[in-house]
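Q: Kindly return the folded structure for what I paste below:
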Amino acid sequence: MLSVQLQHDIKKTVTWALCEDLGVDNAEALKNSQDITAELIPAENIAVANIITREACIICGVAWVNEVFTQLDAIYNTQTNITWFVNDGESVKANSTLFELSGNARILLTGERSALNFLQSLSGTATLTSTYVKELSETNTKLLDTRKTIPGLRSAQKYAVKCGGGVNHRIGLFDAFLIKENHIAACGGIEKSILTARKNHPNKTVEVEVESIEELNQALNAGSDIIMLDNFNHEMIEQAVEATAKISQGKTKLEVSGNMTIETLKSYAKAGVDFISVGALTKHVRAIDLSMRFV
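A: Here you go, the predicted structure:
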């Protein structure tokens, strides 16, 4: 089930994508926009098209595709029928048909690129996430995303991470604290920053990034909910796990971040941390190879 906020974001980002492709500034102007290549086709022509993936992947982006053609149909007074053969989060093999489009030929071609851009990019994020999640399958460590997302697609990529089996970190700067090196310096120390966070927003999760065992102990003693171990080596992580169990008795969770790769993921998890955050899930996006063909 898509959240209300995500549904709102889908409509907004699809409108933005259509405006970009059709060369207008706002949704109202879309009514007078022109796809000059699609207009080569007689206006009354009806067509059927299949969308195929050229590689194995985890699907994500169904709602975005649907919204592209919903908006185009509303603009041009047409009716596009979409028959899906897959769902978000589903694993598919190469050369699988993902969905079928039928309707006005001009509309199918006008919406093709915007629809496939969303689907191929979000499926790429979901697929990469799934690969990382598999590496953690024999551990108790959860895979987190970060805020290193494509501007304007934060909620979409966060959703794609969930489709791939990952877990969302904070969504933005409003829903949880992440107190980092510069915050600590500006606030006057780890303890003071945590106390101020508790005072300002007592119901928000407080996470602190630390760069040494000394800073870890400060965060533990100040009662941080989560501590991010930034660029800790294995020996330091083991020390951190031991200290956390002793001081917080399981109340404080540990997250590892910084230069996480698919090759090193499992070894960090086996050290006993609760979370591993990986910016590459949403930062290093490689789109899935998709193709649309008229039948």
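Q: what about the helices in the stretch 101-250 of the chain?
A: Taking DSSP state H, counting those that start in this stretch as the criterion, the stretch 101-250 of the chain carries its helices at 105-135, 154-163, 181-187, 190-200, 213-221, 234-247.
Q: would you turn these into JSON lines with mean neighbour count and mean pLDDT?
A: All C-beta spots, glycine's among them, are computed from the backbone N, C-alpha and C. Conversion of those to JSON lines gives the following (neighbours: other CB atoms under 10 Å; pLDDT from 0 to 100):
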{"stretch": "helix 105-135", "mean neighbour count": "23", "mean pLDDT": "98"}
{"stretch": "helix 154-163", "mean neighbour count": "24", "mean pLDDT": "98"}
{"stretch": "helix 181-187", "mean neighbour count": "13", "mean pLDDT": "95"}
{"stretch": "helix 190-200", "mean neighbour count": "17", "mean pLDDT": "97"}
{"stretch": "helix 213-221", "mean neighbour count": "18", "mean pLDDT": "96"}
{"stretch": "helix 234-247", "mean neighbour count": "15", "mean pLDDT": "93"}
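Q: Redo those helices as a markdown table? Include distance to Lys148.
A: What follows is the helices of the stretch 101-250 of the chain, written out as a markdown table (distance: least, CB to CB, whole Å):
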| stretch | distance to Lys148 |
| --- | --- |
| helix 105-135 | 12 |
| helix 154-163 | 9 |
| helix 181-187 | 17 |
| helix 190-200 | 23 |
| helix 213-221 | 23 |
| helix 234-247 | 22 |
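Q: Which one of these lies nearest to Gln79?
A: For the helices of the stretch 101-250 of the chain, the distance to Gln79 is smallest for helix 105-135, at 9.0 Å, taking CB to CB.
Q: Now do the closest one: distance to the chain's middle.
A: Put simply, helix 105-135 sits 12 Å off its chain's centre (CA atoms, centre = their mean, to the nearest Å).
Q: How about stretch 70-86?
A: 25 Å.
Q: Endpoint to endpoint, it covers what distance?
A: The straight-line separation of the ends of stretch 70-86 (CA to CA, to the nearest Å) is 19 Å.
Q: So for it, what gets flagged as buried?
A: By neighbour count, with 16 or more other CB atoms under 10 Å as the criterion, the buried positions of stretch 70-86 are 70-73, 75-76, 78, 80, 82, 86.
Q: Mean pLDDT per element in the protein, and the minimum belongs to which helix or strand?
A: helix 265-269 (a mean of 90; mean pLDDT, DSSP states H and E).
Q: If you count neighbours, what's buried in that helix?
A: By neighbour count on 16+ other CB under 10 Å, the buried set for helix 265-269 is 265-266, 268-269.
Q: Quick check: which helices or strands does it pack against?
A: If you count contacts as 3 or more CB pairs under 8 Å, 6 or more residues apart in numbering; DSSP states H and E, helix 265-269 packs onto helix 105-135, helix 234-247, strand 275-277.
Q: strand partners of the shortest one, parallel vs antiparallel please.
A: What that stands for is strand 275-277. Strand pairing for strand 275-277, determined by DSSP bridges: strand 142-144 (parallel), strand 253-257 (parallel).
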